[in-house]
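>>> model the structure of this input:
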Amino acid sequence: MVVITILSKIGLALLASVFMVISFPHPDQGWLAWFALVPLILACHGQGFLVSLSLGLLSGMASALGIFSWMFEVPGFKLYHALILALYIGSYTALWCSGLAFLRTSPLPRMVIGPALWVAIDFLKAHAGFMALPWATLAQSQHRDLALIQTATITGEYGITFLVVMGNIALAELITQRAWRRTIIAGAIILLVHIGGAITLSQPVAGQVLRVAVVQPCILLQERETPEGRAASYTRLERLTREAVKKRPALIAWPETALRDLPKDLVLMEWVKGLVKDIEIPLVVGASEFVKFSRVAEEDKGQLSVEERAYNAAYFIMPDRPLGEPYKKVKLLPFGEYLPLESFVPWPTWLVPRLFQNIPGDSPKRFELIKGVWFTVRVCWEGVFADFLRQSVKEGTHLLVQLNNANWFGRTGAEPQHNLTSVFRAVENHIPVLVASNTGPSLIIDEYGRILASIPDFFVPGTAVADVHLGDGLTFYTKFGDLFAFTCIACVALIFMISFVDRIRRKKAMDRVER
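Next comes the predicted model:
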């Protein structure tokens, strides 16, 4: 009987992970997220700290293995790498389950403290230094529910996550306690949020209209390795750009690392400048900019050696203007573009293969498209960090250009999952977002998170053009940031303190009774 009970709880925890995986691309069934935590909550119902922690860890690891299965497309990524990644990500779910077990006697209803705890843990995961990973959040699973996600203009992603967790807990308590009143309250709150979002979406769209375009060139990895391949990719870029020019956009964006070493390759630079002069439309161009520098290598007994590293850059090229300073990617991908704590941690090669390291840029940069109209560029990984963009919008950014290159990940859910973050950056700050992806999907997103135009297929060259309304950056979230998340964190900290003091008081009372 005990074995059957244990197996049933493990089965429920794994069922929760199945629902969680299916909620994200692919297959992107976000409605399942409203039920995904219910089996896990039922499995942990009435259990102690350690059992809840173990079930949460199991469910979180299984979810991570499914959601991040595209990592196996990366050369050198092994099963033990996946297990380490899953253990790290799963520990956050374990923290939530064990935290709920500890707060079983909380003065606040679980329908409030549970979502607040999840938000606090999500905030921790998004701000954990080089281990920060605000990817595949519960909020992002709701990217198609446009009415719901308008809440992000006030709360950021965290408000939507709060509602999804609240809905799950309400359903679980309906099953375990027949808590109809709490379930009805939760349903009413979620309904009211949808109504508010629907009213927002029904309002006429204001703001200056600008026609923009993205180019998806589908430059393959093998093409970059030969002069002939690079020449073919440049020809394709020009053909697609001229195709987009027929609709006369005010700006055209090429994806991350579309070109190589632009400032040093004079022939390439003249070609791009000539193209821009001919079409008379500004280009945003992603480029790898290689630099050499010297260093003293201890392994070479103090000998001076020369290393080559790169900036991941974005150039804004205007007709009849000299090539200006590019934006250089500030937030690099840990273990992909650089080794964290390299000076202090001797990362073993079996864990972290030696890699070509990039150099981060100094600071964010804005570009002026036309008088009074500014846009910001974010490159790949940078787009997942909400606060990183928010600061630029506060300074006057009206448009975000997101440059991506998911060549390594093939036809998997990696880039579609990444694109979910761009939907939220648009809604949070009420600005349009251009997603120029090398291998797709590429998108043009309006300030409400609606997809205005796209190239939805993988590894298919194409263009997308749409008219967008420039944002004003006047949302509550843009001005005040993660105030909602901080409120949840403060609430959780206070409740933990009260619960801890209450446990000490009870223990002392029991000790006095035993004496």
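>>> residue ranges with poor pLDDT in this protein?
Applying pLDDT under 70 to the chain flags the ranges 1, 291-308, 355-356, 473, 511-515.
>>> how's it carved up into domains?
As assigned by automatic domain parsing, the chain contains the domains 2-202+483-514, 209-478.
>>> tabulate these (CSV), appending mean neighbour count.
Where you see a C-beta, it was placed from the backbone N, CA and C, and this is true even at glycine. Below are the domains of the chain laid out as CSV (neighbours: other CB atoms under 10 Å):
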stretch, mean neighbour count
domain 2-202+483-514, 18
domain 209-478, 18
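>>> so Tyr311, which of the three states?
Put simply, Tyr311 is strand when judged by DSSP: H, G, I helix; E, B strand; the rest coil.
>>> mind listing what it touches?
288-289, 291, 326, 328-329, 358-359, 361 (CB atoms under 8 Å, 6 or more residues apart in numbering).
>>> can you name the residues bridging to it?
The partner list for Tyr311 in beta bridges (DSSP bridges) reads Glu289.
>>> so how far is Gln391 from it?
Distance, Tyr311 to Gln391, by CB to CB, to the nearest Å: 21 Å.
>>> same deal with Thr235?
Using CB to CB, Thr235 is found at 39 Å from Gln391.
>>> what segments of the stretch 201-350 of the chain are helices?
227-245, 266-279 (DSSP state H, counting those that start in this stretch).
>>> quick check: angle from the last one to helix 227-245?
Between helix 266-279 and helix 227-245, the angle formed by their directions is 10 degrees, by axes from the mean of the first three to the mean of the last three CA atoms, to 10 degrees.
>>> show me what helix 266-279 is packed against.
helix 227-245, strand 259-260, strand 283-297, strand 303-317 (3 or more CB pairs under 8 Å, 6 or more residues apart in numbering; DSSP states H and E).
>>> now the terminal residues of stretch 312-322, how far apart.
Taking CA to CA, to the nearest Å, stretch 312-322 runs 20 Å from one end to the other.
>>> who touches that stretch?
256-257, 262, 272-273, 276-277, 280-289, 323-324, 326-329, 332, 337, 358, 361, 367, 377, 379-380, 401, 403.
>>> what distance do you get for Ala258 to Arg224?
Distance from Ala258 to Arg224, by CB to CB: 10 Å.
>>> just to revisit the earlier point, in TSV, list the helices and strands packed on helix 266-279 along with distance to Ala120.
TSV is the format used below for these (distance: least, CB to CB, whole Å):
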stretch	distance to Ala120
helix 227-245	45
strand 259-260	43
strand 283-297	36
strand 303-317	32
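>>> residues contacting Val435?
Contacts of Val435 (CB under 8 Å, 6+ apart): 214, 402, 404, 419, 422, 441-445.
>>> now it: which helix or strand?
Per DSSP states H and E, Val435 falls inside strand 433-437.
>>> from the chain's centroid, how far away is that strand?
14 Å (CA atoms, centre = their mean, to the nearest Å).
>>> centre-most residue in the chain?
Val384 (3.1 Å; CA atoms, centre = their mean).
>>> with adjacent residues omitted, what lies nearest to it?
Thr421 (4.6 Å; CB to CB, 6 or more residues apart in numbering).
>>> so who does that neighbour touch?
Neighbours of Thr421 in contact, by CB under 8 Å, 6+ apart: 134-135, 140, 383-384.
>>> between the residues you listed, which sits nearest Val2?
Trp135 (37.8 Å; CB to CB).
>>> does that closest one count as helix, strand or coil?
Going by three-state DSSP: Trp135 is coil.
>>> picking that back up, what touches both of Ala258 and Arg224?
By CB under 8 Å, 6+ apart, the residues touching both Ala258 and Arg224 are Ser233.
>>> still on that earlier bit, out of the helices and strands packed on helix 266-279, nearest to Leu12?
strand 303-317 (43.4 Å).
>>> and Gly48, which of the helices of the stretch 201-350 of the chain is closest to it?
Closest among these, once you apply CB to CB, is helix 227-245, at 58.7 Å.
>>> tell me what that closest one is packed against?
strand 209-216, strand 251-253, helix 266-279, strand 462-469.
>>> dump these to TSV, plus distance to Leu37.
Below are those laid out as TSV (distance: least, CB to CB, whole Å):
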stretch	distance to Leu37
strand 209-216	36
strand 251-253	38
helix 266-279	50
strand 462-469	36
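>>> just checking, Leu95 touches Ser52?
No - applying CB atoms under 8 Å, one finds Leu95 not in contact with Ser52, separated by 10.2 Å.
>>> one step back: of the helices and strands packed on helix 266-279, give the one that comes closest to Ile455.
Per CB to CB, nearest to Ile455 of these: helix 227-245, 10.0 Å.
>>> which outside residues touch the closest one?
Residues contacting helix 227-245 (CB under 8 Å, 6+ apart): 213, 215-220, 222-224, 252, 254, 258-260, 268, 271, 275, 279, 281, 283, 461-463, 465.
>>> same question for stretch 494-513.
Counting by CB under 8 Å, 6+ apart, 99, 102-103, 105-108, 113 sit against stretch 494-513.
>>> right, and the helices and strands packed on helix 227-245 - which one's nearest Met71?
Of the helices and strands packed on helix 227-245, the one closest to Met71 (CB to CB) turns out to be strand 209-216, at 23.0 Å.
>>> next, the angle from the closest one to helix 227-245.
Using the same axes, to 10 degrees: strand 209-216 against helix 227-245 is 160 degrees.
>>> strand partners of strand 209-216, parallel vs antiparallel please.
Here, using DSSP bridges, strand 209-216 pairs with strand 251-253 (parallel), strand 462-469 (antiparallel).
>>> just the contacts of Tyr311 now: which is nearest Tyr88?
Asn358 (22.8 Å).
>>> from Val433, how far out is the residue nearest to Leu452 when sequence neighbours are not counted?
Nearest residue to Leu452 in three dimensions, chain neighbours excluded: Ala466, at 3.9 Å (CB to CB, 6+ apart). The gap separating Ala466 from Val433 is 11 Å, by CB to CB.
>>> kindly report the same for Ala179.
Counting by CB to CB, the gap from Ala179 to Val433 is 40 Å.
>>> where along the stretch 1-150 of the chain do the helices fall?
2-22, 33-36, 38-44, 49-67, 79-102, 110-126, 146-149.
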